[in-house]
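A.B. asks: return atomic coordinates for the entry below.
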Amino acid sequence: AALDWPLLAKFRANSRSCRRVRRGCFTLISQHTAEDDGRLGLVVRIPCNGPFGEGANLPLYPNSSFYPLLWVLALFEFELTPAEAVTPWGPPNAAELHWYALTDGWFSINADGKLPLGEGVSSYIAQIWESLLEVHRGESATLNLRFLEDAPEVTFTRTADTDRMAWPGDFWELPAERLRAEIRDFHERLFAAMARRASFGEPLFEADQALRYLWLE
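C.D. replies: The predicted structure follows:
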């Protein structure tokens, strides 16, 4: 059966126990809804060298002890620099930690085990988020990484209901619905993470956060 990627993204984003896994070969086998409580259940294929034995199929539910493994399904991964370690912007006598500055961090793409950006890049995540919104709206076919030295060109092209993400020497295809869901998922996770930084931000941080959240329609 076709996978419900928007529902899957919501399932992934709503777990507070999620932890990012940078590398992996986990494969989503199936999804279903539990009859007793309506929870979305998933079955993930564990690689032969995984911790649960050779080629094991592992069922996952929200808040289960094994649920953090599901995070590998996220296409766009990021990790924010600790807020106290971010350098404020502006002159020494008026430096501020505004919203944009507090998105300083690490970003990577994990296309089912393929890593277009290698181990990832250090960047202001806001710059990549803005570029992905342009891809989502069809305003651009290229992920804007020009501000990063030696970053590969990552492009997106759509044919019917399939999107192709290409980078030098390789490509990866996925349902167009999934790419839209992955961009939405990245958006939701980023703003959830940024909301926890409000106490570090300058006075207009929360207003800026609320306005930018609406950029993804």
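A.B. asks: can you show me the strands along this structure?
C.D. replies: Counting by DSSP state E, the chain has strands at residues 27-33, 40-45, 57-60, 76-80, 104-109, 121-124, 142-143, 154-159, 162-167, 170-175.
A.B. asks: looking at the ones you listed, which one has the lowest mean pLDDT?
C.D. replies: Confidence, taken as mean pLDDT, is least for strand 57-60 of these (a mean of 48).
A.B. asks: low-scoring stretches of this structure, by residue?
C.D. replies: Residue ranges of the chain with pLDDT under 70: 1-73.
A.B. asks: what about the nearest residue to Phe107 once chain neighbours are set aside, distance to Glu188?
C.D. replies: Leaving aside its chain neighbours, Phe107 sits nearest to Phe78 (4.8 Å; criterion: CB to CB, 6 or more residues apart in numbering). All C-beta spots, glycine's among them, are computed from the backbone N, C-alpha and C. Note on Phe78: its distance to Glu188, by CB to CB, to the nearest Å, is 12 Å.
A.B. asks: which helix in this protein runs the most residues?
C.D. replies: Counting by DSSP state H, the longest helix found in the chain is helix 176-195.
A.B. asks: what angle do strand 76-80 and that helix make with each other?
C.D. replies: Going by axes from the mean of the first three to the mean of the last three CA atoms, to 10 degrees, helix 176-195 is angled at 10 degrees with respect to strand 76-80.
A.B. asks: show me what contacts Pro116?
C.D. replies: Contact analysis of Pro116 by CB atoms under 8 Å, 6 or more residues apart in numbering lists 109, 152, 154, 165, 167, 170, 172.
A.B. asks: buried ones from those residues, can you make that a ChimeraX selection?
C.D. replies: The ChimeraX selection below is limited to those of the contacts of Pro116 classed as buried (16 or more other CB atoms under 10 Å):
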select :109,152,154,165,167,172
